[in-house]
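Peer 1: Predicted model, plus sequence, below.
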Amino acid sequence: MNLISILYGLMCCASTIKNSNYPICKSCAYFLNPVDETKRGSYEFGKCNLFGVQNVVSGEIKYEFAEICRTNQYKCNMTGKYYKEKVIQ
């Protein structure tokens, strides 16, 4: 095989959708969407109510962005370690 056919084979295999076998945050019970879901790009600012920091004076909780939690190996990570299916009533 020559170099061109090897590179072509690698490019064909690399075109698959990555992470498509992992659970999606927007369907998780812990996902908080601060924006109307009908608006484009509303999920990018979604937060996870499983991870955050509580202010010890006011009691206010600042939740972390879901995307940050999914890229942190000690939190939910890419596999969705703490994923819980949202129950729709």
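Peer 2: Good, I have the coordinates.
Peer 1: I figured Lys47 hits Tyr63, correct?
Peer 2: Yes. Under the criterion of Cβ atoms under 8 Å, Lys47 makes contact with Tyr63 at 4.0 Å. The C-beta positions use only the backbone N, C-alpha and C, and glycine is treated the same way.
Peer 1: residues bridging contact with those two, i.e. touching both?
Peer 2: Counting by Cβ atoms under 8 Å, 6 or more residues apart in numbering, the common neighbours of Lys47 and Tyr63 are Leu32.
Peer 1: out of those two, which sits in the busier spot?
Peer 2: Higher neighbour count among Lys47 and Tyr63: Lys47, with 22 against 17, using other Cβ atoms under 10 Å.
Peer 1: now the more buried one: how far from Glu60?
Peer 2: Distance, Lys47 to Glu60, by Cβ to Cβ, to the nearest Å: 13 Å.
Peer 1: can you check Lys86 too?
Peer 2: 24 Å.
Peer 1: next one: Tyr82
Peer 2: 22 Å.
Peer 1: Between these two, which is the more surrounded one?
Peer 2: Tyr82 (16 against 10).
Peer 1: now the more buried one, what's its secondary structure?
Peer 2: Per DSSP: H, G, I helix; E, B strand; the rest coil, the local secondary structure of Tyr82 is coil.
Peer 1: who's in contact with the nearest residue to it once chain neighbours are set aside?
Peer 2: Using Cβ to Cβ, 6 or more residues apart in numbering and skipping the chain neighbours, the partner closest in space to Tyr82 is Cys76 (5.0 Å). Neighbour list for Cys76: 48, 50-51, 69-70, 82-83 [criterion: Cβ under 8 Å, 6+ apart].
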